[in-house]
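Q: Fold the following.
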Amino acid sequence: MKTGSKFQLSGEMADTLGNCHQKIGNDSAGKSFVLLLRKSDKNEGFNPVYVMTSEEADENSITDLKQLITETRKAEADVTDEQIKTQVDVLVHAQDDTEAEHAEDALREIGPKCLPAMKAALAKADETGKRRLNDLIKDLAPPEPKQ
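A: Residues are numbered from 1 along each chain as shown. Coordinates of the predicted model:
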């Protein structure tokens, strides 16, 4: 999808966008929005990551959003799979909350690129590790469409 593209929201996508920062509901028909979408892992579609109304999309907001995208892409490109695995292992096996928080901060900085490693680690994690992983997965994963 290219910048400036127009499309019609299905009920499923509209429900998912309702979970984002800016609620989209029946009263949103005909309005314009700025959407950040990430390709879905589960199907051919897209998951919303961020949405704002076109009225909110002033020059400063768009500049901030572009900077966030640039920083996120750079962080994802600069990190190796081994670095991700190391941070996931630290998070799962942390001896205290401080150690876990440092690993969590590092994984948040990396962003959604670390989701597959975190999901894979769930199978071998103890209850504390699973809780830490699930909490972070929930925060980093884009919302899935409601079924």
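Q: Could you use CA atoms for every contact and neighbour count after this?
A: Fine.
Q: Can you give the domain ranges for the chain?
A: 11-58, 79-140 (automatic domain parsing).
Q: which of those has the lowest average pLDDT?
A: Lowest mean pLDDT within the domains of the chain: domain 11-58, a mean of 67.
Q: coming back round to it: take the domains of the chain and write them to a markdown table, including mean neighbour count.
A: Formatted as a markdown table, the domains of the chain follow (neighbours: other Cα atoms under 10 Å):
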| stretch | mean neighbour count |
| --- | --- |
| domain 11-58 | 15 |
| domain 79-140 | 17 |
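Q: want to throw these into a markdown table with distance to residue 72?
A: Formatted as a markdown table, the domains of the chain follow (distance: least, Cα to Cα, whole Å):
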| stretch | distance to residue 72 |
| --- | --- |
| domain 11-58 | 13 |
| domain 79-140 | 7 |
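Q: now what about the biggest helix by length in the chain, what contacts it?
A: In the chain, with assignment by DSSP state H, the single longest helix is helix 59-78. With contact meaning Cα atoms under 8 Å, 6 or more residues apart in numbering, helix 59-78 is reached by 109-111, 113.
Q: again, but for stretch 128-140
A: With contact meaning Cα under 8 Å, 6+ apart, stretch 128-140 is reached by 91-93, 104, 108, 111-112, 115, 118-119, 122.
Q: Looking at the contacts of helix 59-78, spot the one nearest residue 53.
A: Using Cα to Cα, residue 111 comes nearest to residue 53 of the contacts of helix 59-78, at 24.3 Å.
Q: what's near enough to touch the closest one?
A: Contacts of residue 111 (Cα under 8 Å, 6+ apart): 72, 75-76, 140.
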